[in-house]
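Peer 1: What follows is a protein structure lacking sequence information:
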């Protein structure tokens, strides 16, 4: 029997390989093997592929994306392929033959195999046989014998004289061996138990262009998903090897995490939008690359500072989360029943949007909480103080005078208006349909936005209210005294009790990221000195595994603080002595004024002096539920220049190994936590 060239699959029943491409002219790429098998068994019905992220429609030859707003791609099946060699290269691409053509070519191949067998009649007639392709009538397919080799060739029906200059192509049976990156890892994982919505930041208009060298959020999340899956599978297989040596049962496969991008840039920055049209009209034609940065990157922040576009962006993001939340559960109907959880991640400006989305959810939840009465000292409404707390709910009555915004500047009667929430023209009624298990801010400028909104006095106001509520429960030293106890007779509350509706909250930043800001100082009293702020924690999966060189650097910093130069110690001691003297004089004046009486005037409760109050005290913030700290910085490298790192710091969060490990650790399923505990 003669040998054949171009036969990659020798199976008698040749399986169909399913391929896809975005548009005409693109290279056809095969689907994952598990998806090809499922399509071959589907009998033409729609099925979920790519882990539920897409839906394949064999009848219409399309693939729809379930969680991203992309045009549908083309889908087709094939068993035979045309090998098109690239010019001046040994590489080639495979172009699939339509199923009808593949079927005819396969029949010719089977006839040739039969004719060349021991009981066959020879290849003489087969070599003369030709098939005209239905999809390309100008081409024909025939069996060619070259020495001792047989092959299938596609050539023009009208040949030139002696075939000179004739272009002909070799045909290949079967696609051959191939691998899809990340397929094996995802197939090895267990059930899907965690879904993470990711809100992109500034510049997505630029990063999403085809000629951009920077990955878009969708591309970054695809890479992040594969990295997470690979690390999970590698760790699980290592545990299996340990269990095998110890003759213990294997641990269950780790859970799967899905990352769902929330895209808002194209909804509010459509090329036909009047804002984009006006911006294009006024943009100078010089230095287009730099002006593109201003228009496509910086302009996103300016847009969000305006009430109109802030409202539009929040509406788009909230609506998209609601729709994806519904779609996700339709595709994964048992997700909630299995204990599945949802989390939120915001990058750059996306973290500010996420903060505002949670602020709106907080406002709705607080309005639905029944208030107490005067007989309940814990739930009693606190009287209005000189500084009013402004959220969406409290401004509802003042919409006429304040422009129906969640942010208002000070007036003569009230000098400290402020808010933690967004600036909008009207109140948003729509909220996300769940409380996130975890909220993560990456490279976030939230601290900057809160400063602009005047949120610091508001957080201090909440601290004062918490002091008043706590004081109402403290018994007086003299039980017969009718007057209530002083508010600040106990050690002051340091951290503002403000919280957002989330199971945990983390503000993660690179120390050299020029866009990132801290949040914790906003939750501390305004009188606290900057040197007293608690240092941000170093990010590690379990909160313990700080690298050795980072620990060494921490020890060095502590020694430097404790054993500074003698001159600085002397100067500081002089300053402390002067401050102590001034404090003593102020205390004496206060006691004298108190002894002189109030002349019938009601005295304003004194606010505590928070200077030095944080020293030797552990700060615990209530902002994010079970997480007592908010600010976390990435661990620096052994050799790390902060100025060089600043170039890529803001755009490298999704590829950072520490963040990947942190996400894996904090999204573990119950079974994984049990296994981890038993191993420890």
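Peer 2: Looks like it came in fine. Bear in mind the structure is a predicted one, so any value in this text is a computation, not a measurement.

Peer 1: Tell me where the stretch 151-300 of the chain is predicted with low confidence.
Peer 2: Counting by pLDDT under 70, the stretch 151-300 of the chain shows low-confidence ranges at 160-165, 207, 270-272.

Peer 1: What segments of it are helices?
Peer 2: 183-188, 204-207, 217-245, 265-268, 274-282, 288-293, 299-304 (DSSP state H, counting those that start in this stretch).

Peer 1: winner for burial among the ones you listed?
Peer 2: Among these, helix 204-207 has the highest mean neighbour count (mean count of other C-beta atoms under 10 Å), at a mean of 21. Bear in mind the C-beta positions are built from the backbone N, C-alpha and C, glycine included.

Peer 1: Run through who's touching that helix.
Peer 2: 212, 214-217, 263, 265-266, 269, 292-293, 296-297, 300 (C-beta atoms under 8 Å, 6 or more residues apart in numbering).

Peer 1: ok, now stretch 102-111?
Peer 2: 14, 78-80, 96-97, 126, 129, 131, 133-134, 141, 143, 152, 171, 173.

Peer 1: Return the members of those residues classed as buried.
Peer 2: Applying 16 or more other C-beta atoms under 10 Å to the contacts of stretch 102-111, the neighbour count classes 14, 78-80, 96-97, 126, 131, 133, 141, 143, 152, 171, 173 as buried.

Peer 1: quick check, nearest of these to residue 249?
Peer 2: residue 14 (40.9 Å; C-beta to C-beta).

Peer 1: Please list all residues in contact with residue 361.
Peer 2: 431, 432, 435, 501.

Peer 1: at 6 Å what do you get?
Peer 2: 431, 432, 501 (C-beta atoms under 6 Å, 6 or more residues apart in numbering).

Peer 1: quick one on the thing from earlier: tell me which of the helices of the stretch 151-300 of the chain sits nearest to residue 440.
Peer 2: helix 217-245 (12.4 Å).

Peer 1: so what secondary structure elements neighbour the closest one?
Peer 2: helix 183-188, strand 256-262 (3 or more C-beta pairs under 6 Å, 6 or more residues apart in numbering; DSSP states H and E).

Peer 1: Dump the ones you listed to JSON lines, plus distance to residue 280.
Peer 2: Shown next, in JSON lines, are the helices and strands packed on helix 217-245 (distance: least, C-beta to C-beta, whole Å):
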{"stretch": "helix 183-188", "distance to residue 280": "42"}
{"stretch": "strand 256-262", "distance to residue 280": "26"}
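
Peer 1: Quick one: closest of these to residue 228.
Peer 2: Using C-beta to C-beta, the helices and strands packed on helix 217-245 put strand 256-262 closest to residue 228, at 5.8 Å.

Peer 1: Tell me which residues are up against that closest one.
Peer 2: Outside strand 256-262, the residues touching it (C-beta under 6 Å, 6+ apart) are 67-68, 189, 192, 194-199, 217-218, 221, 225, 228, 317, 320, 324, 667.

Peer 1: 8 Å - rerun?
Peer 2: 51-53, 67-68, 186, 189-200, 217-218, 221, 224-225, 228-229, 317, 320-321, 324, 328, 350, 663-664, 667.

Peer 1: taking the residues you listed one by one, which sit in strands?
Peer 2: Residues of these located in strands (DSSP state E): 192, 193, 194, 195, 196, 197, 198, 199.

Peer 1: Output the residues you listed in TSV, with neighbour count and distance to residue 238 appended to each entry.
Peer 2: Putting those into TSV (neighbours: other C-beta atoms under 10 Å; distance: C-beta to C-beta, whole Å) gives the following:
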residue	neighbour count	distance to residue 238
192	20	23
193	23	21
194	22	22
195	24	26
196	24	25
197	26	31
198	24	28
199	25	34
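
Peer 1: Residue 245: which of those is nearest?
Peer 2: So of the ones in strands among the contacts of strand 256-262, ranked by how close each gets to residue 245 (C-beta to C-beta), first place is residue 193, at 28.4 Å.

Peer 1: Skipping adjacent residues, who's closest to the closest one in space?
Peer 2: residue 255 (4.0 Å; C-beta to C-beta, 6 or more residues apart in numbering).

Peer 1: Who are the contact partners of the one you found?
Peer 2: 189, 190, 191, 192, 193, 194, 667, 668, 669, 671, 672.

Peer 1: Report the two of the ones in strands among the contacts of strand 256-262 separated the most.
Peer 2: Farthest pair in those, by C-beta to C-beta: 193 and 199, 21.6 Å.

Peer 1: Could you report the neighbour count for residue 641?
Peer 2: Neighbours of residue 641 under the rule other C-beta atoms under 10 Å: 10.

Peer 1: what sits against the residue nearest the centre of the chain?
Peer 2: In the chain, the centroid-proximal residue (C-alpha atoms, centre = their mean) is residue 198; its distance is 3.1 Å. Going by C-beta under 8 Å, 6+ apart, residue 198 touches 217, 221, 259, 260, 261, 262, 345, 346, 347, 350.

Peer 1: Apply 6 Å and report the result again.
Peer 2: So residue 198 contacts 259, 261, 345 (C-beta under 6 Å, 6+ apart).

Peer 1: beta partners for the second one?
Peer 2: When bridges are called by DSSP bridges, residue 261 pairs up with residue 198.

Peer 1: my read is residue 37 is in a strand, agree?
Peer 2: No. Counting by DSSP: H, G, I helix; E, B strand; the rest coil, residue 37 is not part of a strand but helix.

Peer 1: State the distance from it to residue 144.
Peer 2: 33 Å (C-beta to C-beta, to the nearest Å).

Peer 1: Repeat that for residue 2.
Peer 2: For residue 2 relative to residue 144 (C-beta to C-beta), the value is 12 Å.

Peer 1: next one: residue 106
Peer 2: 17 Å.

Peer 1: ok, now residue 249?
Peer 2: 58 Å.

Peer 1: Those two: who's more crowded?
Peer 2: Neighbour totals were compared for residue 249 and residue 144, and residue 144 leads with 15 against 8 (other C-beta under 10 Å).

Peer 1: what lines up beside the helix or strand hosting that one in the sheet?
Peer 2: Under the criterion DSSP states H and E, the helix or strand holding residue 144 is strand 139-146. The pairing partners recorded for strand 139-146 under DSSP bridges are strand 130-132 (antiparallel), strand 149-156 (antiparallel).

Peer 1: Figure out which of these is closest to residue 469.
Peer 2: Nearest of those (C-beta to C-beta): strand 149-156, 83.2 Å.

Peer 1: and the closest one, which residues are buried?
Peer 2: So for strand 149-156, counting by 16+ other C-beta under 10 Å, buried means 150, 151, 152, 153, 154, 155.

Peer 1: Make CSV out of those residues and add distance to residue 523.
Peer 2: As requested, the buried residues of strand 149-156 are exported to CSV (distance: C-beta to C-beta, whole Å):
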residue, distance to residue 523
150, 78
151, 74
152, 73
153, 75
154, 71
155, 76
